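S.K.: Quick one, what's the 3D model for this:
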Amino acid sequence: MLEKSPTLIVYKEQDIVFQSDGKWLYPLFSLEVFLQEHPIDMNSVCIHDKVVGKAAAMLIARLQPKRVHGVIMSELAVNFLNQFGLPYSYDQLVEQVQCKTESLLLDVDDINEAYDILCKRAGRC
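M.R.: Below you'll find the predicted structure:
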């Protein structure tokens, strides 16, 4: 049986402190729970996510890591990360992630408002 590859990896320096092979935004919600149980200085953490759309960028920004990297990143995510002042990099830039969530947050710029929307959508609130 093939092992799933991680969709989200959190590094502290070169050490992996968290990883998930979940889909959509669930790995970021799982990371949030993990951090409540295992506090980490987020100023020393880099988050690598397979796909970073605006929703993921907003959830990541709430966690305040040192840096974020997306294998695929949307222009909406880049715009938000620039406004938020969070350093980022990506392998591939796309205009928009083909996901309803990206469209849902098109006009939302407040991370707390976005979190409330996403938390309810994920069935976590």
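S.K.: okay, and for the chain, where does confidence drop off?
M.R.: 1-3 (pLDDT under 70).
S.K.: tell me, what residue is most central in it?
M.R.: What sits nearest the mean C-alpha location of the chain, by Cα atoms, centre = their mean, is residue 56, with 3.6 Å.
S.K.: Okay, that one and residue 13: tell me how far apart.
M.R.: Separation of residue 56 from residue 13 (Cβ to Cβ, to the nearest Å): 23 Å. The C-beta positions use only the backbone N, C-alpha and C, and glycine is treated the same way.
S.K.: try residue 73
M.R.: Relative to residue 13, residue 73 is positioned 23 Å away (Cβ to Cβ).
S.K.: Between those two, which has more neighbouring residues?
M.R.: The neighbour count for residue 73 versus residue 13, taken as other Cβ atoms under 10 Å, is higher for residue 73 (26 against 8).
S.K.: Enumerate every residue touching that one.
M.R.: Residue 73 sits next to 51, 52, 53, 57, 88, 90, 92, 93, 94 when contact means Cβ atoms under 8 Å, 6 or more residues apart in numbering.
S.K.: in the host helix or strand of it, what's buried?
M.R.: Assigned by DSSP states H and E, residue 73 falls within strand 67-74. Buried residues in strand 67-74, counted by 16 or more other Cβ atoms under 10 Å: 68, 69, 70, 72, 73, 74.
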